Structures are given as structure tokens and as C-alpha cells.
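Peer 1: The following block contains a protein sequence and its predicted model.
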Amino acid sequence: MTIADLSKEKLNYLLEMAREFEKNPNRELLKGRVVATLFFEPSTRTRLSFETAANRLGARVIGFADPKITSGTKGETLKDTIMMVSNYVDVIVMRHYLEGAARYASEVAPVPIINAGDGANQHPSQTMLDLYTIYQTQGTLENLNIYLVGDLKYGRTVHSLLMAMRHYNPTFHFIAPKELEMPEEYKIYCKENNIKYVEHTDFNSEVIADADILYMTRVQKERFTDLMEYERVKDVYILKNDMLEGTRDNLKILHPLPRVNEIAYDIDDNPKAYYFQQAKNGLFARQALICDCLGITLDDVKNDTTIIK
Ligand code: CP
């Protein structure tokens, strides 16, 4: 439901499991199982990587990518939809536009629910792949300078990431215009959990000079009630190649994607750009999450004899 539920030991355990899947994602550990992907909001990466994760582990996948084709359009409630789908599958992956929808589903469903994003609230499976990517690029999760840039108000990935990082002594820098600043509840969370943070409205090479991770985000048009306000802030920060001169050698640029206009396209060829590899890691992280929900342990994965060469 939320990354805040997971201890440091559990996070590290899931990351180790994801590393096993990176060595070989093709196995039959989930043969005979059925996974549902219920997406009430658009998605490219999250849905397709969950489905690929399940398929590469031998499970079958059912679900929908567009709620307009479901009986929800006839008035069926979320509860009834979840109860029905639970009759057919072993685990449900759900994205919903309402904050708290995944928790609600987990309270009524007899099968595990994986939150694939609920409104502007949380995106815990994204955080698993973000942690995996940060470790992969920095060799550690400890004591890093992490810059979160853009829509920190509505961007659920940054909310989940800062909660997960509480275990690893980060220093966060929040770069956002006033309208999109990190919500107060997450600043309070930082204070309660001794997470250091600095807030900025400027975005330039001096500000990001000591960054280890530059985590860019899209301004979330779909969450705005006033489109004039969206127009005012949509292009407020655009990362350009010249801003990377003087930044740390180990700096990596991450983005949960999709990108709209916040990273100039020529940055894709800069060795510091890492967002496409980051998205690839979603496969391994989500394989670990599905397995964990279905009671498959790290030892099961390490001793797996179903690997397809
Ligand atoms: N990062 C992410 O959630 O992307 P999608 O919206 O394409 O799933």
C-alpha cells in the first residue's frame, strides 16, 4: 500500500530478490498462478512491467488498461469489482485515481493487492525500482544527496521515495515552484524521521553541484483543477546539458517517466542520464514484489530450479 509500511530489512530483502531476477528474469516460479492488472488510470511502464514480470515468471495475466470497458461504467462499485476479480486471481495489481483506493481494496479483498499508484498519494512499486536504481548507480543507498525537481505536490513517486529513504540518512533538496512545493505532511514526515531537507525555487548548476541523484518529475497535468495554473508552471524547470557541467562524476539523472518537457532530449546521450535503465529495473523490482506477495521467498528464488536459460 505504502512504502512506509516496509522496514529497512524488508526493503533490502526485496532489493536482493530483485538482483536475483536481474541475473535471470525468465523462470517458472509462478506457473499456474493468475495475476490481475486493474488500471483505472493510464500507464505505460507500470502496467507493462508488472505484466512482463508475471509473464516471465510463468503466470498468466488478466485485467484492463482502461476502466471504460468495464462494468464500472454501468455503476458497479470498486468493492464489487475487487470482490469479483478476487474470485479469479491470486494477486491484484491496481492503479486508481483516488488516494487511498488501494488501501480500501486491500481491506475488502481476500487476495493481496499491490498499489500501482493511487492518485497523488503513493507509488510504492516505483520506489522499489528507484531504490534499486540508486543502489545500482551509487553502490550504496546511504548518505546520498538526492534532488527532487518539479511537481513535488502531486508527484506520488517523490512522496514514496522520501519515505523509503528515511532508513538511509539522505539529504534531500526539494526544487519546486511555490505552487508545487512538497506538501506540509511530507515535510512533517521528514522532521519526525530526522530526514534532512533544503528547499529551493531556483534550478541551476550551482544549486545541483553536489547532487548524487537528480530526480526529475513531470508536472502532473491530470491533477490540476485549474488548467491556467498548469499552463503557468508546466515549463518552469527544464534540465539542459549545460547545467550538468561542474556536477559530480557519479551524478545520475532519474525520472519515473513519462517525460513531457522537463528534460531536454539531447540529455538522453549524456552518460549521466539513467532514466531508461531505471524503467528497465521495474521488471526486476516488480518480479520481487509479486513473488513476495505470493509467499515466494528469497531462498526459493536463489534455489530456483525452474530457470529458463
Ligand atoms: N512511472 C510510471 O508510473 O509510469 P506509467 O504512468 O507509464 O506507468
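Peer 2: Looks like it arrived, so ask away. Numbering: from 1, shown residues only.
Peer 1: most remote residue from this protein's center?
Peer 2: In the chain, the residue that sits farthest from the middle, by C-alpha atoms, centre = their mean, is Lys74; the gap is 31.3 Å.
Peer 1: Please tell me how far it sits from the ligand.
Peer 2: 27 Å (C-beta to the nearest ligand atom, to the nearest Å). Just so you know, the C-beta spots here come from the backbone N, C-alpha and C atoms, and that holds for glycine as well.
Peer 1: For that residue, grab phi and psi.
Peer 2: With angles defined as degrees, to the nearest 10, Lys74 sits at phi -90, psi 0.
Peer 1: what's the pLDDT at it?
Peer 2: On the pLDDT scale, Lys74 is placed at 98.
Peer 1: that's a strand at Tyr197, yeah?
Peer 2: Yes - counting by DSSP: H, G, I helix; E, B strand; the rest coil, Tyr197 is located in a strand.
Peer 1: SS state for the closest residue to the ligand within the stretch 201-309 of the chain?
Peer 2: The nearest approach of the stretch 201-309 of the chain to the ligand comes at Pro256, 3.7 Å away (C-beta to the nearest ligand atom). Here Pro256 is recorded as coil under three-state DSSP.
Peer 1: just checking, it touches His123?
Peer 2: Yes - contact criterion C-beta atoms under 8 Å: Pro256 and His123 qualify, at 7.3 Å.
Peer 1: check contacts around Thr37.
Peer 2: Thr37 makes contacts with 47, 50-51, 61-65, 93-94, 116, as judged by C-beta atoms under 8 Å, 6 or more residues apart in numbering.
Peer 1: hmm, which of these are the buried ones?
Peer 2: Buried subset of the contacts of Thr37 (neighbour count, 16 or more other C-beta atoms under 10 Å): 47, 50-51, 61, 63-65, 93-94, 116.
Peer 1: So which of those residues are in helices?
Peer 2: Within the buried ones among the contacts of Thr37, residues falling in helices by DSSP state H are 47, 50-51.
Peer 1: so, in contact with the ligand or not, stretch 94-114?
Peer 2: No - figure legend: stretch 94-114 not in contact with the ligand (C-beta under 6 Å from any ligand atom); closest approach 7.4 Å.
Peer 1: Low-confidence stretches in the stretch 51-200 of the chain?
Peer 2: For the stretch 51-200 of the chain, applying pLDDT under 70 flags no range at all.
Peer 1: Grab the nearest non-local neighbour of the residue in it that the ligand sits nearest to.
Peer 2: Going by C-beta to the nearest ligand atom, the ligand is nearest to Gln126 of the stretch 51-200 of the chain, at 5.4 Å. Leaving out its chain neighbours, the residue that sits closest to Gln126 by C-beta to C-beta, 6 or more residues apart in numbering is Thr157, at 4.8 Å.
Peer 1: tell me the SS of Leu38?
Peer 2: strand.
Peer 1: Quick one: neighbours of Asn270, just the number.
Peer 2: 15 (other C-beta atoms under 10 Å).
Peer 1: what does the one 3 residues further on give?
Peer 2: The number of residues packed near Ala273 is 21, by other C-beta under 10 Å.
Peer 1: What pLDDT is listed against the residue of the stretch 201-309 of the chain closest to the ligand?
Peer 2: 98.
Peer 1: what's near enough to touch it?
Peer 2: Taking C-beta under 8 Å, 6+ apart as the test, what Pro256 contacts is 45, 123, 126, 130, 155, 157, 217, 278.
Peer 1: Where does the third one sit: helix, strand or coil?
Peer 2: It stands for Gln126. Per three-state DSSP, Gln126 ends up helix.
Peer 1: wait, doesn't it sit right on Phe50?
Peer 2: No - with contact taken as C-beta under 8 Å, Gln126 and Phe50 are classed as non-touching, separated by 11.2 Å.
Peer 1: shouldn't Pro183 be in contact with Asp151?
Peer 2: No - checked against C-beta under 8 Å, the pair Pro183 and Asp151 is beyond contact range at 11.2 Å.
Peer 1: The two: who's more crowded?
Peer 2: Shown here are Pro183 and Asp151; by other C-beta under 10 Å, Asp151 has more neighbours (30 against 14).
Peer 1: Quick check on that one: phi, psi?
Peer 2: Dihedral angles for Asp151 - degrees, to the nearest 10 - are phi -90, psi 90.
Peer 1: Thank you, goodbye.
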